[in-house]
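S.K.: Fold the following for me, if possible:
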Amino acid sequence: MKQLMLHWKQSVIGREPFEKRIRLVDNKGVYKWHMLKAVLFLDQEGQLTNWFGSCTNIDDYVQDMKRKDEFINIASHELKTPITSLKALLQLLERMKGDLSNKMIPGLIEKANRNVNKVNDLVADLLNVSAMNDGQLQLNKTAINLAELIGDCVHHIRIDQQYEIITEGDTNIMVMADAGRIEQVITNFITNAIKYAPDSKKIMVVLSQTIDDVKVAVTDKGPGILPEKIPHLFDRYYQVNDKSNHYSGLGLGLYICAEIIKKHNGKIGAISDPGNGSTFWFSIPI
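M.R.: Residues are numbered from 1 along each chain as shown. Next up is the predicted model:
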């Protein structure tokens, strides 16, 4: 308040427009950002006659800017990590280019490819979100067999046979959908189960059908998610921030999944029992 009054006196003395961002408490006891503005009115002789002021709630704008800044910091960090690693690997390979028989080369190339894939995935997420914001996410719907699509996803995801990914359900279900986009959602669910529930060596993918729609659910037996976090999982830039794991990201994966399913006129959600695992699911009309 002291700084506010000082700023106001300076405007009065200098006869300059007043502008100040402050926090005001509402009737629920919640502090929100407001913008105070005032301009002076002068008569024909240049004498101050009055001030005209306004107070506008800008809390949503301020919070959006904070989230944007946080996202830029996260994106910069996430991109910098694999790029730094890739640079170091290429420097090593540069030194070894004269000795192609060196047994370290295949391993270095594999690590370099993994880092390139990480950068590619991050950039793909950013481009997907940009397309969604511009309303340019297009679907190429065709008749697809969901069980076969899930089989392809599982085949590509299995990592050195460390995880048992079991698929159950009707293998004859056909839907009109964008195969690439639906595969993106299923892949995200399974890879998240692997990342955030690493001790859950068995992951279930269940395909079921009702009269109106078909449902795909991916279940792990990991640590689960706290109930208060469930409603925010599909929000843009949201991250669970679970200290029990070392994985981070842009907070865009599940948001993109939700937008893809929404575009299919479907539904998406998650249920979890802390300590006993989580289930991520989506349904789309038949």
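S.K.: List of residues touching stretch 2-10?
M.R.: 16, 18, 20, 22, 36 (CB atoms under 8 Å, 6 or more residues apart in numbering). In short, each C-beta sits where N, CA and C put it, glycine included.
S.K.: that's a helix at the third one, yeah?
M.R.: No - judged by DSSP: H, G, I helix; E, B strand; the rest coil, residue 20 forms no part of a helix; its state is strand.
S.K.: re the thing from before, just the buried ones out of the contacts of stretch 2-10, please.
M.R.: 18, 36 (16 or more other CB atoms under 10 Å).
S.K.: from the contacts of stretch 2-10, which is closest to residue 265?
M.R.: residue 22 (44.2 Å; CB to CB).
S.K.: how close does that closest one get to residue 39?
M.R.: According to CB to CB, to the nearest Å, residue 22 and residue 39 sit 18 Å apart.
S.K.: and if you look at residue 259?
M.R.: In terms of CB to CB, residue 259 sits 43 Å off from residue 39.
S.K.: Settle it for me: which of these two has more neighbours?
M.R.: residue 259 (22 against 14; other CB atoms under 10 Å).
S.K.: Could you list the low-pLDDT ranges of this protein?
M.R.: Within the chain, the ranges that satisfy pLDDT under 70 run 70-75, 77-78, 81, 129-136, 156, 158-161, 240-250.
S.K.: Who are the contact partners of the residue sitting nearest the centre point of it?
M.R.: The residue lying closest to the centre of the chain (CA atoms, centre = their mean) is residue 252, at 1.7 Å. By CB under 8 Å, 6+ apart, residue 252 lies in contact with 125, 126, 128, 129, 236, 237.
S.K.: Tell me how many other residues crowd residue 143.
M.R.: 9.
S.K.: show me where the stretch 1-150 of the chain has helices.
M.R.: 2-14, 59-96, 105-133, 146-157 (DSSP state H, counting those that start in this stretch).
S.K.: which one of those is the most hemmed in?
M.R.: helix 146-157 (a mean of 17; mean count of other CB atoms under 10 Å).
S.K.: got the contact list for the residue nearest to residue 112 when sequence neighbours are not counted?
M.R.: The spatially closest residue to residue 112, leaving aside those adjacent along the chain, is residue 89, at 4.5 Å (CB to CB, 6 or more residues apart in numbering). Counting by CB under 8 Å, 6+ apart, residue 89 touches 108, 111, 112, 115.
S.K.: Switch the residues you listed over to CSV; also include distance to residue 173.
M.R.: Formatted as CSV, those follow (distance: CB to CB, whole Å):
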residue, distance to residue 173
108, 44
111, 40
112, 40
115, 38
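S.K.: relative to helix 2-14, how tilted is the longest strand belonging to the chain?
M.R.: Identified as the longest strand of the chain according to DSSP state E is strand 31-42. Interaxial angle, strand 31-42 versus helix 2-14 (axes from the mean of the first three to the mean of the last three CA atoms, to 10 degrees): 10 degrees.
S.K.: for strand 31-42, packing partners?
M.R.: Counting contacts by 3 or more CB pairs under 8 Å, 6 or more residues apart in numbering; DSSP states H and E, strand 31-42 is packed against strand 18-25, strand 48-57, helix 59-96.
S.K.: Reformat the helices of the stretch 1-150 of the chain as a markdown table; add distance to residue 227.
M.R.: Shown next, in a markdown table, are the helices of the stretch 1-150 of the chain (distance: least, CB to CB, whole Å):
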| stretch | distance to residue 227 |
| --- | --- |
| helix 2-14 | 40 |
| helix 59-96 | 23 |
| helix 105-133 | 27 |
| helix 146-157 | 28 |
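S.K.: Give me the spatial nearest neighbour of residue 51, chain neighbours excluded.
M.R.: residue 38 (4.9 Å).
S.K.: Thought residue 50 was touching the one you found, still the case?
M.R.: No - counting by CB atoms under 8 Å, residue 50 is not a contact partner of residue 38; they are 10.1 Å apart.
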